[in-house]
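In: let me see the structure of the following:
(one chain, ligands or ions: 2)
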Amino acid sequence: MSVTETGATIWLTGLPSAGKTTIAYELAGRLRGEGHRVEVLDGDEIREFLSAGLGFSREDRHTNVQRIGFVAELLAANGVKVLVPVIAPYADSRDAVRKRHQAEGTAYLEVHVATPVEVCSVRDVKGLYAKQAAGEISGLTGVDDPYEAPESPDLRIESHQQTVQESAAELYALLSERGAA
Ligand SMILES: Nc1ncnc2c1ncn2[C@@H]1O[C@H](COP(=O)(O)OS(=O)(=O)O)[C@@H](OP(=O)(O)O)[C@H]1O
Ligand SMILES: Nc1ncnc2c1ncn2[C@@H]1O[C@H](COP(=O)(O)OP(=O)(O)O)[C@@H](O)[C@H]1O
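Out: Ligands and ions are numbered 1, 2, ... in the order given. As a prediction, the model looks like this:
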(Lines give C-alpha, C1' and ligand atoms only; values in the text may rest on other atoms or scores of the structure.)
(Ligands and ions follow the chains in the order given, each with its own letter.)
Protein backbone atom coordinates (compact mmCIF):
# COMPACT_ATOMS: atom_id res chain seq x y z
CA MET A 1 0.00 0.00 0.00
CA SER A 2 1.36 3.48 -0.84
CA VAL A 3 1.78 6.11 1.89
CA THR A 4 -1.12 8.15 0.50
CA GLU A 5 -3.43 5.15 0.87
CA THR A 6 -2.39 4.34 4.44
CA GLY A 7 -5.00 5.44 6.95
CA ALA A 8 -4.17 6.58 10.47
CA THR A 9 -5.68 8.49 13.36
CA ILE A 10 -3.49 11.24 14.75
CA TRP A 11 -4.93 12.52 18.02
CA LEU A 12 -3.65 15.90 19.21
CA THR A 13 -4.34 16.23 22.92
CA GLY A 14 -3.58 19.31 25.02
CA LEU A 15 -5.05 22.29 26.83
CA PRO A 16 -7.33 24.91 25.27
CA SER A 17 -5.18 27.27 23.11
CA ALA A 18 -2.26 24.79 23.15
CA GLY A 19 -2.18 24.81 19.33
CA LYS A 20 -3.96 21.53 18.51
CA THR A 21 -6.28 22.95 15.85
CA THR A 22 -3.65 25.17 14.23
CA ILE A 23 -1.16 22.32 13.89
CA ALA A 24 -3.85 19.94 12.61
CA TYR A 25 -4.91 22.29 9.77
CA GLU A 26 -1.30 23.14 8.89
CA LEU A 27 -0.47 19.43 8.56
CA ALA A 28 -3.75 18.72 6.75
CA GLY A 29 -2.86 21.25 4.06
CA ARG A 30 0.53 19.71 3.47
CA LEU A 31 -0.82 16.15 3.35
CA ARG A 32 -3.66 17.10 0.96
CA GLY A 33 -1.14 18.78 -1.30
CA GLU A 34 0.71 15.48 -1.50
CA GLY A 35 -2.41 13.52 -2.44
CA HIS A 36 -3.46 12.11 0.96
CA ARG A 37 -7.13 11.92 1.91
CA VAL A 38 -7.48 13.90 5.12
CA GLU A 39 -10.26 14.70 7.58
CA VAL A 40 -9.95 17.02 10.57
CA LEU A 41 -12.43 16.11 13.31
CA ASP A 42 -12.57 19.52 14.93
CA GLY A 43 -13.78 19.50 18.55
CA ASP A 44 -16.06 22.52 18.15
CA GLU A 45 -17.74 21.14 15.01
CA ILE A 46 -18.18 17.71 16.59
CA ARG A 47 -19.81 19.26 19.63
CA GLU A 48 -22.28 21.08 17.36
CA PHE A 49 -23.39 17.90 15.58
CA LEU A 50 -22.18 14.44 16.66
CA SER A 51 -21.95 15.41 20.34
CA ALA A 52 -24.69 18.05 20.49
CA GLY A 53 -26.05 18.28 24.02
CA LEU A 54 -22.92 17.04 25.77
CA GLY A 55 -21.25 19.29 28.33
CA PHE A 56 -17.88 19.21 30.06
CA SER A 57 -18.44 16.80 32.95
CA ARG A 58 -16.04 13.86 33.16
CA GLU A 59 -18.75 11.55 31.84
CA ASP A 60 -19.71 13.80 28.92
CA ARG A 61 -16.08 14.38 27.92
CA HIS A 62 -15.54 10.61 27.99
CA THR A 63 -18.61 10.03 25.78
CA ASN A 64 -17.46 12.77 23.39
CA VAL A 65 -13.99 11.25 23.07
CA GLN A 66 -15.35 7.73 22.50
CA ARG A 67 -17.71 8.95 19.75
CA ILE A 68 -14.90 10.80 18.02
CA GLY A 69 -12.60 7.80 18.41
CA PHE A 70 -15.22 5.55 16.83
CA VAL A 71 -15.66 7.76 13.76
CA ALA A 72 -11.90 8.34 13.45
CA GLU A 73 -11.24 4.61 13.40
CA LEU A 74 -13.86 4.02 10.70
CA LEU A 75 -12.31 6.69 8.49
CA ALA A 76 -8.72 5.63 9.17
CA ALA A 77 -9.56 2.00 8.40
CA ASN A 78 -10.63 3.27 4.96
CA GLY A 79 -7.39 5.00 4.09
CA VAL A 80 -8.01 8.46 5.53
CA LYS A 81 -5.53 10.42 7.63
CA VAL A 82 -7.72 11.57 10.50
CA LEU A 83 -6.45 14.52 12.51
CA VAL A 84 -8.22 14.98 15.84
CA PRO A 85 -7.51 18.24 17.70
CA VAL A 86 -9.58 17.42 20.78
CA ILE A 87 -8.54 17.98 24.42
CA ALA A 88 -9.36 14.42 25.64
CA PRO A 89 -8.26 15.22 29.21
CA TYR A 90 -8.57 11.74 30.72
CA ALA A 91 -5.96 9.02 30.21
CA ASP A 92 -8.50 6.19 30.41
CA SER A 93 -10.63 7.75 27.64
CA ARG A 94 -7.58 8.08 25.39
CA ASP A 95 -6.47 4.53 26.19
CA ALA A 96 -9.90 3.17 25.21
CA VAL A 97 -9.59 4.89 21.82
CA ARG A 98 -6.08 3.52 21.31
CA LYS A 99 -7.26 0.00 22.22
CA ARG A 100 -10.16 0.21 19.79
CA HIS A 101 -7.72 1.09 17.00
CA GLN A 102 -5.35 -1.71 18.04
CA ALA A 103 -8.19 -4.23 18.06
CA GLU A 104 -9.08 -3.25 14.48
CA GLY A 105 -5.45 -3.14 13.35
CA THR A 106 -5.70 0.59 12.54
CA ALA A 107 -2.73 2.93 13.03
CA TYR A 108 -3.06 5.34 15.94
CA LEU A 109 -0.69 8.08 17.05
CA GLU A 110 -1.02 10.15 20.20
CA VAL A 111 0.51 13.61 20.07
CA HIS A 112 0.73 15.76 23.17
CA VAL A 113 0.71 19.45 22.33
CA ALA A 114 2.44 20.30 25.58
CA THR A 115 2.06 24.06 25.77
CA PRO A 116 2.15 25.16 29.43
CA VAL A 117 -1.02 26.65 30.89
CA GLU A 118 0.80 29.95 31.48
CA VAL A 119 1.32 30.30 27.70
CA CYS A 120 -2.16 29.00 26.80
CA SER A 121 -3.83 31.49 29.12
CA VAL A 122 -2.01 34.38 27.43
CA ARG A 123 -2.92 33.12 23.94
CA ASP A 124 -6.51 32.59 25.12
CA VAL A 125 -7.83 32.22 21.56
CA LYS A 126 -11.47 31.94 22.64
CA GLY A 127 -11.34 34.08 25.77
CA LEU A 128 -12.07 31.11 28.03
CA TYR A 129 -9.19 31.71 30.46
CA ALA A 130 -10.32 35.32 30.94
CA LYS A 131 -13.90 34.16 31.53
CA GLN A 132 -12.73 31.61 34.10
CA ALA A 133 -10.61 34.25 35.87
CA ALA A 134 -13.62 36.57 35.94
CA GLY A 135 -15.76 33.83 37.49
CA GLU A 136 -18.04 33.66 34.43
CA ILE A 137 -17.30 29.97 33.75
CA SER A 138 -15.86 27.09 35.75
CA GLY A 139 -14.51 23.66 34.93
CA LEU A 140 -11.91 24.89 32.44
CA THR A 141 -9.41 22.16 31.57
CA GLY A 142 -6.00 22.77 33.10
CA VAL A 143 -7.26 25.52 35.40
CA ASP A 144 -10.07 24.22 37.57
CA ASP A 145 -10.70 20.92 35.80
CA PRO A 146 -8.25 18.01 35.35
CA TYR A 147 -5.88 17.43 32.48
CA GLU A 148 -4.01 14.14 32.68
CA ALA A 149 -0.97 14.65 30.46
CA PRO A 150 0.03 11.56 28.44
CA GLU A 151 2.98 9.74 30.02
CA SER A 152 4.39 8.27 26.85
CA PRO A 153 2.87 9.88 23.76
CA ASP A 154 4.21 9.06 20.31
CA LEU A 155 5.29 12.70 20.12
CA ARG A 156 5.38 15.68 22.44
CA ILE A 157 5.26 19.06 20.72
CA GLU A 158 6.60 22.10 22.57
CA SER A 159 4.57 24.65 20.61
CA HIS A 160 5.69 27.53 22.83
CA GLN A 161 9.27 27.05 21.63
CA GLN A 162 8.67 26.84 17.88
CA THR A 163 6.65 28.17 14.97
CA VAL A 164 3.45 26.55 13.72
CA GLN A 165 5.37 25.33 10.65
CA GLU A 166 8.06 23.73 12.83
CA SER A 167 5.45 21.99 14.98
CA ALA A 168 3.63 20.65 11.90
CA ALA A 169 6.94 19.54 10.38
CA GLU A 170 7.78 17.55 13.52
CA LEU A 171 4.47 15.74 13.23
CA TYR A 172 4.96 15.16 9.51
CA ALA A 173 8.37 13.64 10.30
CA LEU A 174 6.74 11.22 12.75
CA LEU A 175 4.21 10.14 10.11
CA SER A 176 7.01 9.67 7.65
CA GLU A 177 8.99 7.58 10.17
CA ARG A 178 5.90 5.36 10.70
CA GLY A 179 5.40 4.89 6.98
CA ALA A 180 2.29 7.05 6.73
CA ALA A 181 3.69 10.10 4.88
N1 LIG B 1 -14.91 24.09 30.47
C2 LIG B 1 -14.25 23.89 29.33
N3 LIG B 1 -13.11 23.15 29.33
C4 LIG B 1 -12.47 22.95 28.17
N5 LIG B 1 -12.87 23.43 26.97
C6 LIG B 1 -14.00 24.16 26.92
C7 LIG B 1 -14.73 24.42 28.09
N8 LIG B 1 -15.82 25.15 27.73
C9 LIG B 1 -15.76 25.34 26.41
N10 LIG B 1 -14.66 24.75 25.90
C11 LIG B 1 -14.33 24.76 24.47
O12 LIG B 1 -14.67 23.48 23.94
C13 LIG B 1 -13.54 22.86 23.34
C14 LIG B 1 -13.24 21.54 24.06
O15 LIG B 1 -13.98 20.57 23.50
P16 LIG B 1 -13.34 19.15 23.28
O17 LIG B 1 -14.41 18.37 22.62
O18 LIG B 1 -12.03 19.27 22.61
O19 LIG B 1 -13.06 18.69 24.79
S20 LIG B 1 -13.13 17.28 25.52
O21 LIG B 1 -12.13 16.39 24.91
O22 LIG B 1 -14.48 16.73 25.39
O23 LIG B 1 -12.78 17.59 26.93
C24 LIG B 1 -12.32 23.74 23.59
O25 LIG B 1 -11.70 23.90 22.34
P26 LIG B 1 -10.13 24.12 22.15
O27 LIG B 1 -9.86 25.48 22.70
O28 LIG B 1 -9.95 24.06 20.65
O29 LIG B 1 -9.39 23.06 22.87
C30 LIG B 1 -12.88 25.00 24.17
O31 LIG B 1 -12.87 26.04 23.24
N1 LIG C 1 4.05 26.25 17.30
C2 LIG C 1 2.76 26.54 17.36
N3 LIG C 1 1.85 25.58 17.09
C4 LIG C 1 0.52 25.84 17.15
N5 LIG C 1 -0.01 27.04 17.46
C6 LIG C 1 0.84 28.05 17.75
C7 LIG C 1 2.25 27.83 17.72
N8 LIG C 1 2.86 29.00 18.05
C9 LIG C 1 1.87 29.88 18.26
N10 LIG C 1 0.65 29.33 18.08
C11 LIG C 1 -0.66 30.04 18.19
O12 LIG C 1 -1.38 29.50 19.30
C13 LIG C 1 -2.79 29.54 19.04
C14 LIG C 1 -3.34 28.14 19.22
O15 LIG C 1 -4.75 28.12 19.02
P16 LIG C 1 -5.55 26.82 18.64
O17 LIG C 1 -4.84 26.09 17.56
O18 LIG C 1 -6.97 27.23 18.38
O19 LIG C 1 -5.44 25.96 19.98
P20 LIG C 1 -6.31 24.72 20.46
O21 LIG C 1 -6.94 24.07 19.25
O22 LIG C 1 -5.33 23.82 21.14
O23 LIG C 1 -7.34 25.28 21.41
C24 LIG C 1 -2.98 30.08 17.62
O25 LIG C 1 -3.26 31.45 17.70
C26 LIG C 1 -1.59 29.84 17.00
O27 LIG C 1 -1.31 30.77 15.96
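In: quick check, the residue in the chain closest to ligand 2?
Out: Proximity of the chain to ligand 2 (Cβ to the nearest ligand atom) peaks at Gly19, 2.6 Å away. For glycine as for every other residue, the C-beta is placed from the backbone atoms N, C-alpha and C.
In: I figured that residue hits Gln161, correct?
Out: No. Assessed by Cβ atoms under 8 Å, Gly19 is found out of contact with Gln161, at 11.3 Å.
In: for this protein, longest helix please?
Out: Longest helix in the chain by number of residues (criterion: DSSP state H): helix 58-77.
In: list the contacts of that one.
Out: Residues from elsewhere that reach helix 58-77 (Cβ atoms under 8 Å, 6 or more residues apart in numbering): 7-9, 11, 39, 41, 46-47, 50-51, 54, 82, 84, 86-90, 92-94, 96-97, 100-101, 104, 106-108.
In: which of those are buried, as a PyMOL select command?
Out: For the buried members of the contacts of helix 58-77, the matching PyMOL selection, counting by 16 or more other Cβ atoms under 10 Å, is:
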select buried, resi 7+8+9+11+39+41+46+47+51+54+82+84+86+87+88+89+90+93+94+97+100+101+106+107+108
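In: can you list which of the contacts of helix 58-77 are found in strands?
Out: Ala8, Thr9, Trp11, Glu39, Val82, Val84, Tyr108 (DSSP state E).
In: need the residues you listed in JSON lines (columns: pLDDT).
Out: Output for those, formatted as JSON lines (pLDDT from 0 to 100):
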{"residue": "Ala8", "pLDDT": "98"}
{"residue": "Thr9", "pLDDT": "98"}
{"residue": "Trp11", "pLDDT": "98"}
{"residue": "Glu39", "pLDDT": "98"}
{"residue": "Val82", "pLDDT": "98"}
{"residue": "Val84", "pLDDT": "98"}
{"residue": "Tyr108", "pLDDT": "98"}
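In: and those, which two are the farthest apart?
Out: The distance between the two most remote of the ones in strands among the contacts of helix 58-77 (Cβ to Cβ) is 14.9 Å, for Glu39 and Tyr108.
In: okay, Gly19 and Gln161: which has more neighbours?
Out: Counted by other Cβ atoms under 10 Å, Gly19 and Gln161 do not tie: Gly19 has more neighbours, with 27 against 11.
In: for the more buried one, give me its contacts.
Out: Here Gly19 is in contact with Val113, Thr115, Ile157, Ser159, Val164, Ser167 (Cβ under 8 Å, 6+ apart).
In: how distant is the longest helix of the chain from the center of its chain?
Out: Put simply, helix 58-77 sits 11 Å off its chain's centre (Cα atoms, centre = their mean, to the nearest Å).
In: what's the angle from that helix to strand 81-85?
Out: 160 degrees (axes from the mean of the first three to the mean of the last three Cα atoms, to 10 degrees).
In: in helix 58-77, which residues are buried?
Out: Residues of helix 58-77 classed as buried: Arg61, His62, Asn64, Val65, Ile68, Gly69, Val71, Ala72, Glu73, Leu75, Ala76, Ala77 (neighbour count, 16+ other Cβ under 10 Å).
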